[in-house]
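Novice: Here is my input; please provide its structure:
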Amino acid sequence: MRKTPKILITMLLAASFISASPFLGELSLSGVASGVNTNEVNIMTRYLPAVEFQNTLSEDWAYDLGVRWQIQWGGQLDTLDIGTSGLIAEPYRVALNLQSARSEYIIGLQKINFGPARILRSLMWFDSINPTDPLKLTSGVTGISAKHYYESGWSSQAWVLLPGDPIGWEGFPDQEGTFETGGRVGIPHERGQVGLSTHWRIADASAISANDPDLYEGRIGLDGFWDIGIGLWFESVYKNQQFANNPFLQQLQTTIGADYTFWVGNGILVSTEHMLINIWDSPSTEDTNRLISTVMSSYSPTLFDQLSVMLFLDWETETPLAYLSWGRTYDALRFTLGAFYTNTENTQGSSAGINSDFSGKGIQLTVVYNH
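Specialist: Sure thing, here's the model as predicted:
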């Protein structure tokens, strides 16, 4: 998780409790049983307590103060220590949100994500959401972000972030004492929207270059979405990394996708995405052209149930992954039962694109209680 200033956390916690803000929380228990050569059962319990307080500053401005912690404990069932080993307690979201009719400013540990792609997200810059995770949990980033919405329908976003650990598609942590900066512009049109994003940071590459650890990284992304009876979208990101005197890597990462709802019963949504990753001019790896594909279908037979299936294929390693799930939602409870299968003979290098912790075949059960 990216570093969060202790003073900011203390101030926000104190302000939240003093204001007698509402206490919320999400308690979850998940278990994964898989079998490759031997049966393995991994369990994880998480609790995300939260305090939130909302109020107005003036006729035009309001604020939302939120603190959410993450407490988790678990591991492999046959070796799990009932004591405190394996226990992790850390901030999950700590943010002050200032809002007006057309502007929004967020200060603190927050989630930033954008782009139209659903699963194979080239614009996954500031989160690491696993599409097979029913909880959709991800680390955040710490800093200041600002959004503004114009009368024309355009929108702009800018951010300044503190250094932290790798997140999204990043391979190296940020260099200490530096900042990440970037921004985004959204341009609406009659049937969708086009976006232009950019980001810049200095990474710490001392693990591979002790004498010249500063790795300068720039990214620029272009994305678009159109609704023309079927949904069509794309995300394309160019990334350039170089040391002070030597180039290190150039990468072009592109996702194209489409979806359509077949009006059978309550409607069957079918979507597909394909990601092409091109890497060149890298002294550490050979030039790469890699294609990953996915197809997803979902159906809700009742107001409380949802069925879905996701199929992945890494064309380079010929690694398939199939994930089926059934979820049922009540007022405060949610159950998700999933089953997965992947070829374990050649999974090396496939997890980065498929973004899944599964191996072999097995089942996953997640129970979530919200209060």
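Novice: partner strands of the one helix or strand residue 326 maps to, parallel or antiparallel?
Specialist: Assigned by DSSP states H and E, residue 326 falls within strand 319-329. If you go by DSSP bridges, strand 319-329 pairs up with strand 305-314 (antiparallel), strand 333-342 (antiparallel).
Novice: What residues of that strand count as buried?
Specialist: In terms of neighbour count (16 or more other C-beta atoms under 10 Å), strand 319-329 has its buried residues at 319, 321, 323, 325, 327. Heads up, the C-betas are built off the backbone N, CA and C, glycines and all.
Novice: ok, of the residues you listed, which one's closest to residue 300?
Specialist: Distance to residue 300, by C-beta to C-beta, is smallest for residue 327 among these, at 9.5 Å.
Novice: If you average pLDDT per helix and strand, which one of this structure comes out bottom?
Specialist: Taking mean pLDDT, DSSP states H and E as the measure, helix 351-354 is the helix or strand of the chain with the lowest mean score, a mean of 46.
Novice: That helix: what's the following helix or strand?
Specialist: Counting by DSSP H and E, the next helix or strand C-terminal to helix 351-354 is strand 361-370.
Novice: So what touches that next one?
Specialist: Around strand 361-370, the neighbours that count as contacts under C-beta atoms under 8 Å, 6 or more residues apart in numbering are 24-35, 132, 134-135, 325, 332-342, 358.
Novice: before we move on, the earlier item: for residue 258, find the nearest of the strands paired with strand 319-329.
Specialist: strand 305-314 (15.2 Å).
Novice: got a list of contacts for that closest one?
Specialist: Strand 305-314 is contacted by residues 119, 131-132, 290, 292-301, 319-329, 349-350, 353-354, 356 when judged by C-beta under 8 Å, 6+ apart.
Novice: which parts of that strand are buried?
Specialist: For strand 305-314, burial by neighbour count (16+ other C-beta under 10 Å) applies to 306, 308, 310, 312-314.
Novice: Kindly report the same for stretch 130-143.
Specialist: For stretch 130-143, a neighbour-count test (16+ other C-beta under 10 Å) marks 130-135, 137-143 as buried.
Novice: Take the residues you listed and write them to TSV, including pLDDT, secondary structure and distance to residue 215.
Specialist: Formatted as TSV, these follow (pLDDT from 0 to 100; DSSP: H, G, I helix; E, B strand; the rest coil; distance: C-beta to C-beta, whole Å):
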residue	pLDDT	secondary structure	distance to residue 215
130	89	coil	26
131	89	coil	29
132	88	coil	31
133	90	coil	30
134	90	coil	35
135	91	coil	33
137	92	coil	28
138	93	coil	24
139	92	coil	21
140	94	coil	23
141	97	strand	19
142	97	strand	21
143	97	strand	20
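Novice: which of those lies closest to residue 227?
Specialist: Nearest to residue 227, judged by C-beta to C-beta, of the buried residues of stretch 130-143 is residue 131 at 22.0 Å.
Novice: about what we covered before: for the record, mean pLDDT for the strand holding residue 326?
Specialist: For strand 319-329, mean pLDDT is 94.
Novice: the inter-axis angle of that strand versus strand 361-370?
Specialist: Strand 319-329 and strand 361-370 are oriented at 30 degrees to each other (axes from the mean of the first three to the mean of the last three C-alpha atoms, to 10 degrees).
Novice: just to confirm, which helix or strand has residue 146 in it?
Specialist: In this assignment (DSSP H and E), residue 146 forms part of strand 141-149.
Novice: ok, residues contacting the helix or strand just after that strand?
Specialist: Sequence order places strand 155-161 as the next helix or strand after strand 141-149, per DSSP H and E. For strand 155-161, contacts defined as C-beta under 8 Å, 6+ apart pick out 2, 112, 114, 126, 141-150, 179-186.
Novice: Check stretch 23-41 too.
Specialist: For stretch 23-41, contacts defined as C-beta under 8 Å, 6+ apart pick out 42-52, 76-78, 134-135, 340, 344, 358-371.
Novice: can you list the weak-confidence ranges in this protein?
Specialist: Within the chain, the stretches with pLDDT under 70 are 1-22, 35-39, 79-85, 284, 344-358.
Novice: Which parts of the biggest strand by length in it count as buried, going by neighbours?
Specialist: Identified as the longest strand of the chain according to DSSP state E is strand 39-56. In terms of neighbour count (16+ other C-beta under 10 Å), strand 39-56 has its buried residues at 40, 42-44, 46-53.
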